[in-house]
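In: missing the sequence, but the structure's below:
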């Protein structure tokens with residue numbers, strides 16, 4: 001592999017968008033110009049992000065540079081995981097069966113439901129009073 005080769009992909013989850021670039025390297029993950037440990041405080045988010053690398057045995061083979069915007073930290077972690085999985089597909093199309101089996105290539109389409117008029121929220125109604 002050439003060191004100038006980059007693999008890029010985009011991942012989305014809720015309102016979060018992750019633009020991911022993978023380059024051959026030592027396995028460091030940089031998110032918005034800071035380390036993954038600084039950006040994601042929760043260990044569960046960091047584990048979630050590294051899952052596509054672990055399932056394909058490429059944990060210390062690629063450096064990941066990600067640009068995240070929108071949503072909260074949990075949604076951003078899900079978007080980054082999808083972006084990494086899609087970028088790994090560009091690296092080697094043989095990973096498709098492994099990633100599909102682990103459910104890493106499925107875009108989670110659950111979004112926040114909009115508030116309806118005449119109601120307090122998406123589902124909650126105003127309290128009904130008899131008198």
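Out: Nice, I can see it. Since this is a predicted model, take the numbers as computed values, not measurements.
In: now the chain, which segments are flagged as low pLDDT?
Out: Applying pLDDT under 70 to the chain flags residues 1-3.
In: Identify the single longest helix in it, thanks.
Out: When the chain is parsed with DSSP state H, its longest helix is helix 73-91.
In: That one - contacts with which helices or strands?
Out: Counting contacts by 3 or more Cβ pairs under 8 Å, 6 or more residues apart in numbering; DSSP states H and E, helix 73-91 is packed against strand 7-13, strand 16-24, helix 43-55, strand 62-69, helix 95-101. Heads up, the C-betas are built off the backbone N, CA and C, glycines and all.
In: Distance to residue 78 and mean neighbour count for those - can I get that in TSV?
Out: Compiled in TSV, those are given as follows (distance: least, Cβ to Cβ, whole Å; neighbours: other Cβ atoms under 10 Å):
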stretch	distance to residue 78	mean neighbour count
strand 7-13	4	19
strand 16-24	7	20
helix 43-55	7	17
strand 62-69	11	19
helix 95-101	15	14
